[in-house]
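[1] Need a 3D model of the following:
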Amino acid sequence: MTIYLIHIQHGTSTFLFEGLFRTDSDEQNAYKWLLENQTNAVLYFDGLDQATWKIDRGTNYNTINPFSKADTATIMYNILSGNLFPQAKIVFASREFRVSELPAKARPSDIITLSGLTPNDAEKLFVFLIGKGGAEAWGNIRSMSPRLLNLVSVPVFLILTAVVMARDPTRPQPNTVTELYKRIIAALQHVENIRQRDKIHQILLKLKEMAYQGMEEGRVSIVFYKEDFKKLGLSSEEVQDLIMKVPGNNLLSRHLMEGNFIFFFCHQSIQEFFAASFIAHMTAEEFSLFNGKHLHENRWSVVRKFVSGLVHEESTDQLDKSVSDLGDTPLRPDIEY
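    Numbering: from 1, shown residues only. Presented below is the predicted three-dimensional model:
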């Protein structure tokens, strides 16, 4: 279950349990049990780095009791600092940058860094996803793109790599994350049963703009609404046609954006790549304004890498084309190439 935490005033009971129980009485009983049995409780908060609110080192947060009403950031500060539920085990997931920004009292006593799949497990999962030809594709990665071995230790990148390589087994495998995501977007343009195939390019362009706007508003991996689509002339039906799928494997099928009434990108990195694609095609003046306003902020760190990769690949492609246009004529007659 995913809970989207928004920046409003509410009680801690509602903050933790809203929507989980049919009646207010059940919610209150659950909260009472938590207060009385803290040593038996584990509170897990997923995606601290994706929240629209922020626990800031420069803010003095009020100390609250279990029945006070406060905004989300204040409640979370009191939980993480041990003022609320001091005997419960608190666990949260986040990218590194948001942990480093936490005030000293709210920082965790222990940090576990996830290193991803082992090489053997990555190989087994990859071969299973692709099916026929999977072992050969894995062998090609090991021999021709060894840098991908570190990349596919992360489950989401392994799945995306499988999508790309299964779709066109004869094409050389991607060597960088940027190239991988570019080919995922290209694969989306050949989705079966898409209703608006002639509009797919425009749909993707609008999604890139929406991804950028969402990040600029602080909505990293946060929900989008049908109104967001309408502002850009999109419909939810058009977006829901976009599915990432390993050909021949019906067990693996992911919509680019998920949801029925509220929507979100299927992985935060997808939104960040779309935002980077929008930035990479800004005018010099637009990019200068963006650079001065946002590029230094930690939450744009992955976007910065994608932008660098996109600009580098485009520059390399242009250079390769320029050299190709020269034919067999050496760039300098006194040098043997």
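[2] List the buried residues for stretch 90-104?
    For stretch 90-104, the neighbour count (16 or more other C-beta atoms under 10 Å) marks 90, 92, 94, 95, 98, 101, 102, 103 as buried. For every residue, glycine as well, the C-beta is placed using N, CA and C.
[3] List the contacts of the fourth one.
    Just to be clear, that refers to residue 95. Applying C-beta atoms under 8 Å, 6 or more residues apart in numbering to residue 95 gives the contacts residue 49.
[4] do you know how far it is from residue 118?
    Here residue 95 is placed at a distance of 22 Å from residue 118 (C-beta to C-beta, to the nearest Å).
[5] Show me the shaky parts of the stretch 201-337 of the chain.
    219-223, 236-264, 266, 315-337 (pLDDT under 70).
[6] 50 instead?
    221, 243-253, 258-260, 318-337 (pLDDT under 50).
[7] Would you map the helices across it?
    226-231, 236-240, 268-280, 284-293, 301-325 (DSSP state H, counting those that start in this stretch).
[8] Of these, which is nearest residue 214?
    helix 268-280 (6.8 Å; C-beta to C-beta).
[9] circling back to that earlier point, save the buried residues of stretch 90-104 as a markdown table, and put in pLDDT too.
    What follows is these, written out as a markdown table (pLDDT from 0 to 100):
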| residue | pLDDT |
| --- | --- |
| 90 | 92 |
| 92 | 88 |
| 94 | 84 |
| 95 | 76 |
| 98 | 78 |
| 101 | 84 |
| 102 | 89 |
| 103 | 90 |
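[10] With distance to residue 162 and secondary structure added, can I get those in JSON lines?
    Output for these, formatted as JSON lines (distance: C-beta to C-beta, whole Å; DSSP: H, G, I helix; E, B strand; the rest coil):
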{"residue": "90", "distance to residue 162": "36", "secondary structure": "strand"}
{"residue": "92", "distance to residue 162": "30", "secondary structure": "strand"}
{"residue": "94", "distance to residue 162": "27", "secondary structure": "coil"}
{"residue": "95", "distance to residue 162": "24", "secondary structure": "coil"}
{"residue": "98", "distance to residue 162": "30", "secondary structure": "helix"}
{"residue": "101", "distance to residue 162": "35", "secondary structure": "coil"}
{"residue": "102", "distance to residue 162": "36", "secondary structure": "coil"}
{"residue": "103", "distance to residue 162": "41", "secondary structure": "coil"}
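[11] out of those residues, who's nearest residue 139?
    Nearest to residue 139 among these, with distances taken as C-beta to C-beta, is residue 95, at 33.0 Å.
[12] what's the distance between that closest one and residue 301?
    Counting by C-beta to C-beta - residue 95 and residue 301 are separated by 8 Å.
[13] Residue 16 now?
    Counting by C-beta to C-beta - residue 16 and residue 301 are separated by 30 Å.
[14] More neighbours: which of these two?
    residue 16 (20 against 14; other C-beta atoms under 10 Å).
[15] give the contact list for the more buried one.
    Residue 16 neighbours (C-beta under 8 Å, 6+ apart): 31, 34, 43.
[16] export these to TSV and tack on neighbour count and pLDDT?
    Converted to TSV, the contacts of residue 16 look like this (neighbours: other C-beta atoms under 10 Å; pLDDT from 0 to 100):
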residue	neighbour count	pLDDT
31	20	90
34	19	92
43	16	91
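[17] With secondary structure as added columns, please give these in CSV.
    Putting the contacts of residue 16 into CSV (DSSP: H, G, I helix; E, B strand; the rest coil) gives the following:
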residue, secondary structure
31, helix
34, helix
43, strand
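[18] mind checking the end-to-end distance for stretch 89-97?
    22 Å (C-alpha to C-alpha, to the nearest Å).
[19] go on, stretch 163-183?
    Length of stretch 163-183, first residue to last, C-alpha to C-alpha: 9 Å.
[20] what ranges do the strands span in the stretch 51-200 of the chain?
    Assigned by DSSP state E, counting those that start in this stretch, the strands in the stretch 51-200 of the chain fall at 69-70, 89-92.
[21] For stretch 74-91, buried residues please.
    Those would be 74-81, 83-85, 88, 90, for stretch 74-91 by 16+ other C-beta under 10 Å.
[22] whoops, I mixed them up, stretch 279-289
    Across stretch 279-289, burial judged by 16+ other C-beta under 10 Å covers 279, 280.
[23] circling back: save the buried residues of stretch 90-104 as TSV, and put in distance to residue 20 too.
    Output for these, formatted as TSV (distance: C-beta to C-beta, whole Å):
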residue	distance to residue 20
90	18
92	19
94	23
95	27
98	25
101	29
102	27
103	29
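[24] Just give me the closest of those residues to residue 141.
    residue 95 (26.2 Å).
[25] contacting residues for residue 99?
    48, 107, 108, 111.
[26] how close does the third one sit to residue 277?
    Look at residue 108 and residue 277: by C-beta to C-beta, they are 34 Å apart.
[27] just the second one next, same as before
    Applying C-beta to C-beta, the value for residue 107 to residue 277 is 35 Å.
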